[in-house]
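K.L.:
Coordinates for the following, if possible.
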Amino acid sequence: MYTSAYFSCPPAVFCDIINPKENCEGKIFMTYKEKYNQWLTFDEETRKELEAVTDEKEIEDRFYKDLAFGTGGLRGIMGAGSNRMNKYTVGKATYGLAKYLMSKNEGEIKVALAYDSRNNSAYFAKVAAGIFASCGFKVYLYETLVPVPVLSFTTAYLGCTAGVMITASHNPKEYNGYKVYDSKGCQFCTEDAKNAIGFINEITDYSSIPFCDESENITLIGEEVLEKFLEAVKSQSVYEEPSDIKIVYTPLHGTGNIPVRRMIDNLDVTVVKEQEMPDGNFSTVRSPNPEEKDALDIAIEKAREIGADLVLGTDPDCDRVGIAVKNGDDYVLFTGNQTGALLVNFILTMKKAELTEKSILVKTIVTSELGANIGRAFGLQIEETLTGFKYIGDKINKYEETGEQDFVIGYEESYGYLVGTHARDKDAVVSSMLICQMAAWYKNQGKTLVDGLEDIYKEYGYYLDRLDSFTLKGKDGAEKIDGLMVYFREKGETLFEGIKEVIDFSKGIRDLPKENVLKFLWNDGSWMAVRPSGTEPKIKVYYSVQDESKEKAQERFEEISGVMRDKINNA
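P.N.:
Numbers count the residues shown, from 1 in each chain. As a prediction, the model looks like this:
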């Protein structure tokens with residue numbers, strides 16, 4: 001799709017602002033159309049792609065801004081343009097990152113690179129490797145696709161200054177992305193991301209980027225590091241009693257196939273053949289996201305065929321895992337909050353003798369309180385972070401430095417979990433292993449995970465947790481999302497009765513970094529949160545309704561969510 005040839009273009013300075021009326025002091029401000037015209041000079045393939053675009057709105061969307069770091073780093077639709085993932089935007093990000101790393105490190109700089117099964121992932125990784133190598137860095141590049149947690153582990157294991165993972169996680173096939181990790185394998189957080197983007201924005205002449213196809217500074221990573229990662233994952237095992245549990249697993253055309261199967265090879269596991277091999281087009285699913293209800297349809301059909309107890313599905317970069325559980329003649333899909341609460345209860349039960357007053361559970365501000373309340377019952381400390389697993393990874397870094405807390409488990413509602421500190425990002429390899437062990441533990445008691453969840457509800461009360469996502473694409477969509485956040489900030493409290501508090505995280509609440517998130521709290525402990533996605537053109541609404549019964553909770557959820565859907569859909 002993209003060439004690797006050098007190009008030359010006229011010197012220019014780009015102003016990274018969205019509002020065309022804003023004055024850009026000391027810089028040449030180019031309109032989206034001027035940017036478009038300049039990109040026509042880059043190379044023949046880019047020119048042909050852009051000339052084929054006849055919709056003016058699409059041209060505007062490709063150039064009205066540059067890709068920026070969100071909760072998951074750099075992420076966007078692949079294609080030509082400053083607001084797209086391509087050789088030049090990857091090159092700009094890499095060269096700016098290289099300059100940032102050189103500004104804060106003396107001596108040898110080492111960088112680890114990996115990629116997932118998406119279209120162009122391997123190519124973008126090689127582009128980045130060449131640029132880092134041209135800057136004199138020692139570069140370690142995986143020779144085959146691996147999961148996100150493997151890159152996180154590798155960065156620290158090889159003593160690297162930073163790591164880069166080419167992935168768009170669970171996004172649709174049109175997307176790709178660029179995640180940046182620190183020396184401990186944690187995604188760049190607020191300060192690092194802010195500083196890095198400053199250097200990236202200073203790359204104003206794309207022809208200055210030192211693209212390089214090959215270099216002696218690049219070393220390929222083989223199986224030996226992956227083996228060390230799998231050893232670290234295996235060390236988190238808590239239950240290995242024999243069980244006749246039957247499992248169906250699908251890697252959804254991603255990176256999980258080999259590592260996940262290695263971790264559960266002692267159990268009866270059937271792999272979904274149609275989804276076993278890597279496929280950047282994700283040809284058998286509408287979306288390769290285990291959060292989506294239909295992502296596991298083929299796996300569930302296979303489970304019905306063989307009478308499996310558990311269905312397990314990991315996303316393309318294998319940092320998220322979703323499950324479905326046999327319940328009579330049907331299969332029940334679990335939410336991330338439900339699986340997280342079960343895992344917390346299971347892990348703490350298995351590790352009860354090891355827990356101390358320093359043991360801590362970390363969750364995000366949009367994750368249900370159910371798992372946290374289970375943790376409190378076991379005597380754990382609880383800490384909340386902003387949305388994005390990088391903040392949980394950052395907490396682990398700090399606990400390691402101070403020694404004041406011992407990390408036990410961290411999770412978020414969006415199907416991401418971590419047990420152990422071998423990685424500083426969510427890890428579906430260790431999570432899949434532990435979920436299977438948990439299901440085996442329950443089955444050996446004559447129970448399913450559905451039964452286990454009901455037991456938890458009986459003890460801690462019923463929690464109904466849901467997420468609504470609204471896609472608003474392009475520049476117009478971004479403006480609508482901004483307008484909706486202003487509206488909910490000003491009028492949201494008046495939409496419902498019984499709200500006791502509105503938390504505006506854009507003000508820097510609870511010593512957390514400022515983030516564009518609103519959280520509405522009701523007197524009974526229920527809450528609702530609203531935030532724009534940092535990686536997709538979406539506004540998201542999170543609901544957590546507590547009530548004495550499932551029926552009453554569902555009725556209340558429908559009432560609240562109906563109001564929000566009406567306001568957003570009619571924006």
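K.L.:
going forward, measure contacts between C-alpha atoms and count neighbours the same way
P.N.:
Will do.
K.L.:
hey, C-alpha coordinates of the helix-or-strand element of the chain with minimal mean pLDDT in PDB?
P.N.:
Averaged element by element with mean pLDDT, DSSP states H and E, the chain has its least confident helix or strand at helix 190-201 (a mean of 89). Listed in PDB are the C-alpha atoms of helix 190-201, where the atom choice follows Å, rounded to 0.1, in the frame of the first residue of the first chain:
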ATOM      1  CA  THR A 190       0.800  12.400  30.500                       C
ATOM      2  CA  GLU A 191       4.300  14.000  30.900                       C
ATOM      3  CA  ASP A 192       6.200  11.700  28.500                       C
ATOM      4  CA  ALA A 193       3.400  11.900  25.900                       C
ATOM      5  CA  LYS A 194       3.200  15.700  26.200                       C
ATOM      6  CA  ASN A 195       7.000  16.000  25.800                       C
ATOM      7  CA  ALA A 196       7.200  13.500  22.900                       C
ATOM      8  CA  ILE A 197       4.400  15.200  20.900                       C
ATOM      9  CA  GLY A 198       6.200  18.500  21.300                       C
ATOM     10  CA  PHE A 199       9.300  17.000  19.600                       C
ATOM     11  CA  ILE A 200       7.000  15.300  17.000                       C
ATOM     12  CA  ASN A 201       5.300  18.600  16.200                       C
END
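K.L.:
After that helix, heading C-terminal, what element do we hit next?
P.N.:
If you walk from helix 190-201 toward the C-terminus, the next helix or strand you reach (DSSP states H and E) is strand 218-221.
K.L.:
can you give me the mean pLDDT across that following strand?
P.N.:
For strand 218-221, mean pLDDT is 97.
K.L.:
So which residues make contact with the helix or strand following it?
P.N.:
Toward the C-terminus, strand 218-221 is succeeded by helix 223-234 as the next helix or strand (DSSP H and E). Counting by C-alpha atoms under 8 Å, 6 or more residues apart in numbering, the neighbours of helix 223-234 from elsewhere in the structure are 150, 153-154, 259, 263, 420, 422, 429-430.
K.L.:
now do 7 Å
P.N.:
Under the contact criterion C-alpha atoms under 7 Å, 6 or more residues apart in numbering, helix 223-234 has outside partners 150, 153-154, 263, 422, 430.
K.L.:
ditto for stretch 427-441
P.N.:
Contacts of stretch 427-441 with the rest of the structure, by C-alpha under 7 Å, 6+ apart, involve 149, 233, 237, 239-240, 243, 245, 259-260, 263-264, 314, 318-321, 346, 416-418, 448-449.
K.L.:
any idea which helix or strand carries residue 346?
P.N.:
Assignment of secondary structure by DSSP H and E places residue 346 within helix 336-350.
K.L.:
Apologies, that question was intended for residue 269.
P.N.:
Counting by DSSP H and E, residue 269 is part of strand 268-271.
K.L.:
Tell me the buried residues in the next helix or strand after that strand?
P.N.:
Per DSSP H and E, the first helix or strand lying C-terminal to strand 268-271 is helix 297-306. Judged by neighbour count (16 or more other C-alpha atoms under 10 Å), helix 297-306 contains these buried residues: 298-304.
K.L.:
Show the buried residues in the contacts of stretch 427-441.
P.N.:
When burial is judged by neighbour count using 16+ other C-alpha under 10 Å, the buried members of the contacts of stretch 427-441 are 149, 233, 237, 239, 243, 245, 259-260, 263-264, 314, 318-321, 346, 416-418, 448-449.
K.L.:
Among these, which are located in helices?
P.N.:
Counting by DSSP state H, the members of the buried ones among the contacts of stretch 427-441 that fall within helices are 149, 233, 259-260, 263, 346, 449.
K.L.:
Can you name the residues in contact with the longest helix along the chain?
P.N.:
Ranked by residue count and defined by DSSP H, the top helix of the chain is helix 550-569. For helix 550-569, the surrounding residues in contact (C-alpha under 7 Å, 6+ apart) are 462, 464, 545-547.
K.L.:
That helix: which residues count as buried?
P.N.:
Within helix 550-569, the residues that qualify as buried are 550, 553-554, 556-557, 561, 564, counting by 16+ other C-alpha under 10 Å.
K.L.:
Please identify the one among the residues you listed that lies nearest to residue 86.
P.N.:
Closest approach between those and residue 86, by C-alpha to C-alpha: residue 564, at 36.2 Å.
K.L.:
Please report the distance of that closest one from residue 480.
P.N.:
For residue 564, the distance to residue 480 (C-alpha to C-alpha, to the nearest Å) stands at 15 Å.
K.L.:
nearest spatial neighbour of residue 67, skipping sequence neighbours?
P.N.:
Counting by C-alpha to C-alpha, 6 or more residues apart in numbering, the nearest residue to residue 67 once its immediate chain neighbours are dropped is residue 83, at 5.0 Å.
K.L.:
I figured the one you found was touching residue 65, is that so?
P.N.:
Yes - using C-alpha atoms under 7 Å as the test, residue 83 is close enough to residue 65 to be in contact (5.7 Å).
K.L.:
CA-only coordinates of stretch 331-344, as CSV, when you get a sec.
P.N.:
In CSV, the C-alpha atoms belonging to stretch 331-344 read as follows (Å, rounded to 0.1, in the frame of the first residue of the first chain):
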residue,chain,number,x,y,z
TYR,A,331,-24.3,-19.3,26.2
VAL,A,332,-24.1,-16.1,28.3
LEU,A,333,-21.7,-13.3,27.2
PHE,A,334,-20.0,-11.7,30.2
THR,A,335,-19.1,-8.0,30.4
GLY,A,336,-15.6,-6.9,31.3
ASN,A,337,-16.9,-5.8,34.7
GLN,A,338,-18.4,-9.2,35.4
THR,A,339,-15.3,-11.1,34.4
GLY,A,340,-13.1,-8.7,36.3
ALA,A,341,-15.1,-9.1,39.5
LEU,A,342,-14.9,-12.9,39.1
LEU,A,343,-11.2,-12.8,38.6
VAL,A,344,-10.7,-10.6,41.6
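K.L.:
For burial, what's the neighbour tally of residue 232?
P.N.:
For residue 232, the tally of surrounding residues (other C-alpha atoms under 10 Å) stands at 17.
K.L.:
Nearest spatial neighbour of residue 323, chain-adjacent residues omitted?
P.N.:
The nearest residue in space to residue 323 (C-alpha to C-alpha, 6+ apart) is residue 312, at 4.7 Å.
K.L.:
secondary structure element for the one you found?
P.N.:
Using DSSP H and E, residue 312 falls within strand 310-314.
K.L.:
Tell me the buried residues in the strand or helix carrying residue 371?
P.N.:
Taking DSSP H and E as the definition, one finds residue 371 inside helix 370-377. Burial within helix 370-377, assessed by neighbour count using 16+ other C-alpha under 10 Å, is assigned to 370-375.
K.L.:
Any chance of those in JSON lines with pLDDT as columns?
P.N.:
Listed next are the buried residues of helix 370-377 as JSON lines, based on pLDDT from 0 to 100:
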{"residue": "370", "pLDDT": "97"}
{"residue": "371", "pLDDT": "98"}
{"residue": "372", "pLDDT": "97"}
{"residue": "373", "pLDDT": "97"}
{"residue": "374", "pLDDT": "98"}
{"residue": "375", "pLDDT": "98"}
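K.L.:
show me where the stretch 51-200 of the chain has helices.
P.N.:
Using DSSP state H, counting those that start in this stretch, the helices found in the stretch 51-200 of the chain span residues 56-63, 87-104, 121-134, 148-157, 190-201.
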